[in-house]
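Visitor: here are the coordinates; sequence isn't available:
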C-alpha cells in the first residue's frame, strides 16, 4: 500500500513523553502479540532496552509480564529510522486539520469494497497514512469537510466515505483510508498548578483544529486527562538511601525474532513517600488543579497522581516511588509514582521530603495534560468508524492509555485499512485469541469512561493468552495479513514443532522407581514413587521443574530456554488449559452467530426497552458481542436468539 504518515513534528515519532519503559503487567502481553503479528515495537524495545525484568514470577505463568526500561532517545531514533527506510511509506511533517469526505453511493462504501493501492493514518498531533498517492492536490473542492453528521444506511453501511485530509498549509492529500492516531495532542492543554497552556506533551504543538472537524462529522468526543511526574538530575540523587532494583540475570526478549540480548543492565531504585510528603500535599490541595476544578478531563483510575493517591488512600502512610533512568546518554531520572499537576514550588517541597531526593534538582516539572478522544463505541471491531467508510482510529484517541495499548490498536487498524482497500475481510481478533482482542472488544462493546489500561484481570482466558505462546496464537494471522515473511514463518513452524514434539516425547516416557529417580525426587522434596510413572505426571507436581528432570532424562534434546518454558507450562497446566478451551468453545458458538446490519431492535417483541436502545445504538456484529453490552440482559439474548431463528437467520 502506498502510505504517508503526517506528524506535527517528526521528532515526536516514537517519543516517550511519559515513563521510559515498555511492557509491564498485561502490557507485556500486548507487545509480544504485536510482535507475533509482524509489528515493530518488540524489536525496537529489544534494541533500546537498558534493563529487563519479568514481573509476577510468583503468581504463575498466566500473568508473567515482561517489562523493560528503555533508552528513550535510542528507541525514538531506531523507530524513526525504521519508518524512513520502509518501502512505500513516506514520512512528512505537517498538521492534518480537516478530514475530507464524500457521500457514499450505496452500501459498497462500508468496507472499501473496491481494491485500491494505499492506506492512511493520522499520527501524533494529526498525521495521515494516505492511500492512492502522496502528492498534494491543488484544492479540495470535490470532497466535503464535515458539515453534516453522517447516519448509517438501513443495512448498517455508512453514508459518508473518507477521501483525504487537508493540512494546515491548505495542501490536500487524497486518501482512500485514514487512520487517526492523535495520541494526547488533540486539543491538548498542559496544566501545572494555576498555569495552563495549549500544548502537546514535551512542549510540542497541539492539534487544535481537528476536534471541530470530528464534531462536525457527528463524532462524539470525550475529554480525558493524563499526567507525568517530574524528572530530576541523577547527580543530585542520593541512591544510598534507596533500595536497588537490578534487572534479571537472564534477559527475555520481547520479539520472537531476537535470539539473545547482551547488555550491561542499569539499575532502577526504590524509595517511599512519608508523612511529611503527604502533609505538604494535603496543605496545598486547594492549589491542586485536580481538586480546584481547573482540570475537567477524566483521569486514569489505575495511574493516579500522587495528590489523588493521598486523598483516596488516606490511611496509607507511604507510597512507592521508583527512580528510573531515561537512558544511558543522559543523567535524567524519571520519578515513577509521583505524577502530579501541583504548582512547581509544591512539587519541589514534596520531592525534597522523600529519602534520597532531599537535594534533587528538577529538570522537568510534572504536569497534567487534557486532550480530546472519541467515544470508542462508535467503532466497528475492525476499528473503522461505523458512520464514515475508510476512517479508522487507534490509540489514545480511542480512550486508552499507554504506548502498548496504542501499538496494539495501531497494527490492527493498519491491517484492516489495507484489508478494506484490497477487498478482503477485516482481521477481528476474538477475546479468546489475544489480549488485543480483549482490548478492542472492551472499547467497542463496553466503551470507557476513563483512560483504559490493559490488565491481565480483564482477560477471561488468560491461561490460554500467555505471553510465551503469543507467536503460536498470532503468527498465522500476521502471515495471512502479509506482515510476517516466509523466513520468519518457517522459523515459527519449526519452533511450534519443537514444542509439540517435546510434549509428545515427555508423555511417552515412564520413569521407573530407580535409585537415580528416587534420589532426584528426594532432593527436591517430592514424594517417592513405587511403580513406573509417566514423566508428564511427575512434571505436573508443583515442586518439579522441567530443568530438574534433566538428571534422569538422558534423551532430552537441546532446546532454547523459551521452548523449554512453553513445554513445561503446557504440561503442568494441561488440565486447566483444557477446561478453558471448553469455555472458549461455548464462547465461540455465540461469536459465530452474526447479527445482520439494519436490524431495528426496538421492533423486536420481548426485548427490554434498555436492551433494545443499547442494541440500536451500538449495532453489535454478533450475538456474543451483544451479550457483553452493558444493559443487555441474558433474557434479551434469549429473545434475540429466538427472533433470529424465526427470521431464518
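Guide: Nice, I can see it. What you see is a predicted model, and the numbers here were worked out from it, not measured in a lab. Numbers count the residues shown, from 1 in each chain.

Visitor: make it CA atoms for all contacts and neighbour counts henceforth
Guide: Fine.

Visitor: return the set of buried residues in stretch 527-540.
Guide: 535-536, 538-540 (16 or more other CA atoms under 10 Å).

Visitor: for those, which one is nearest residue 629?
Guide: For the buried residues of stretch 527-540, the minimum distance to residue 629 (CA to CA) is 39.0 Å, reached by residue 540.

Visitor: any low-confidence regions in the protein?
Guide: 105-157, 649 (pLDDT under 70).

Visitor: please report how far residue 300 lies from residue 449.
Guide: Going from residue 300 to residue 449 by CA to CA, to the nearest Å gives 9 Å.

Visitor: do the same with residue 545
Guide: Separation of residue 545 from residue 449 (CA to CA): 44 Å.

Visitor: more neighbours: those two, which one.
Guide: Neighbours were counted for residue 545 and for residue 449 using other CA atoms under 10 Å; residue 545 has more, 17 against 14.

Visitor: residue contacts, the closest residue in space to that one that isn't next to it in sequence?
Guide: Distances taken as CA to CA, 6 or more residues apart in numbering place residue 539 nearest to residue 545, at 6.2 Å, with adjacent residues excluded. Applying CA atoms under 8 Å, 6 or more residues apart in numbering to residue 539 gives the contacts 545-546, 549, 568, 571-572.

Visitor: show me what the lengthiest helix in the chain is packed against.
Guide: Criterion DSSP state H: the longest helix present in the chain is helix 486-507. The contact analysis (3 or more CA pairs under 8 Å, 6 or more residues apart in numbering; DSSP states H and E) places helix 486-507 against helix 470-481, helix 535-539, helix 561-572.

Visitor: select, out of those helices, the one closest to residue 594.
Guide: Residue 594 lies closest to helix 470-481 among the helices and strands packed on helix 486-507, at 21.1 Å (CA to CA).

Visitor: so what's the most centrally placed residue in the chain up against?
Guide: The chain has residue 405 as the residue nearest its centroid, 1.5 Å off, counting by CA atoms, centre = their mean. By CA under 8 Å, 6+ apart, the residues touching residue 405 are 27, 30, 395, 439, 453-454.

Visitor: now render the helices and strands packed on helix 486-507 as CSV, adding distance to residue 283.
Guide: CSV is the format used below for those (distance: least, CA to CA, whole Å):
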stretch, distance to residue 283
helix 470-481, 49
helix 535-539, 58
helix 561-572, 51
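
Visitor: which one of those helices lies nearest to residue 647?
Guide: Going by CA to CA, the one of the helices and strands packed on helix 486-507 nearest residue 647 is helix 470-481, 33.7 Å.

Visitor: what packs against the closest one?
Guide: Counting by 3+ CA pairs under 8 Å, 6+ apart, the packing neighbours recorded for helix 470-481 are helix 27-36, helix 486-507.

Visitor: tell me the helix or strand right after the shortest one.
Guide: This points to helix 27-36. helix 41-48 (DSSP states H and E).

Visitor: do the last one as well
Guide: Taking DSSP H and E as the definition, the helix or strand that follows helix 486-507 towards the C-terminus is strand 510-511.

Visitor: what strands line up against that next one, and which way round?
Guide: According to DSSP bridges, strand 510-511 forms sheet pairs with strand 533-534 (antiparallel).

Visitor: just how off-centre is the partner strand within its chain?
Guide: Relative to the centre of its chain, strand 533-534 is centred 42 Å away, using CA atoms, centre = their mean, to the nearest Å.

Visitor: one more: stretch 622-633?
Guide: Distance of stretch 622-633 from its chain centroid, counting by CA atoms, centre = their mean, is 23 Å.

Visitor: report the buried residues of that stretch.
Guide: Neighbour-count burial for stretch 622-633 flags 623-629, 631-633 (criterion: 16+ other CA under 10 Å).

Visitor: what's the neighbour count on residue 602?
Guide: Neighbourhood size, residue 602 [other CA under 10 Å]: 17.

Visitor: begin at 336 from now on, thanks
Guide: Okay, residue one is now 336; in that scheme the one you just asked about reads as residue 937.

Visitor: hmm, it is touching residue 948, no?
Guide: Yes. Using CA atoms under 8 Å, residue 937 is in contact with residue 948, at 6.8 Å.

Visitor: surely residue 765 meets residue 772?
Guide: Yes. Counting by CA under 8 Å, residue 765 does reach residue 772; the two are 4.8 Å apart.

Visitor: residue 625 contacts residue 676, correct?
Guide: Yes. Counting by CA under 8 Å, residue 625 does reach residue 676; the two are 7.3 Å apart.

Visitor: so which helix or strand takes in residue 579?
Guide: Under the criterion of DSSP H and E, residue 579 resides in strand 578-580.

Visitor: got a list of contacts for that strand?
Guide: 602-606.

Visitor: okay, now the domains of the chain?
Guide: Domain assignment for the chain by automatic domain parsing gives 338-349+423-560+708-759, 565-700, 817-910, 928-981.

Visitor: residue 498: which of the contacts of strand 578-580 is nearest?
Guide: Among the contacts of strand 578-580, residue 603 lies closest to residue 498 (CA to CA), at 48.4 Å.

Visitor: hey, what's the closest one bridged with?
Guide: residue 580.

Visitor: what's the neighbour count on it?
Guide: The burial count for residue 603: 20, using other CA under 10 Å.

Visitor: please apply the same query to residue 390.
Guide: For residue 390, the count of nearby residues is 17 (other CA under 10 Å).

Visitor: now the element after whichever strand or helix holds residue 740, going C-ward?
Guide: Applying DSSP H and E as the criterion places residue 740 in helix 738-756. Using DSSP H and E, the helix or strand that follows helix 738-756 in sequence is helix 770-776.
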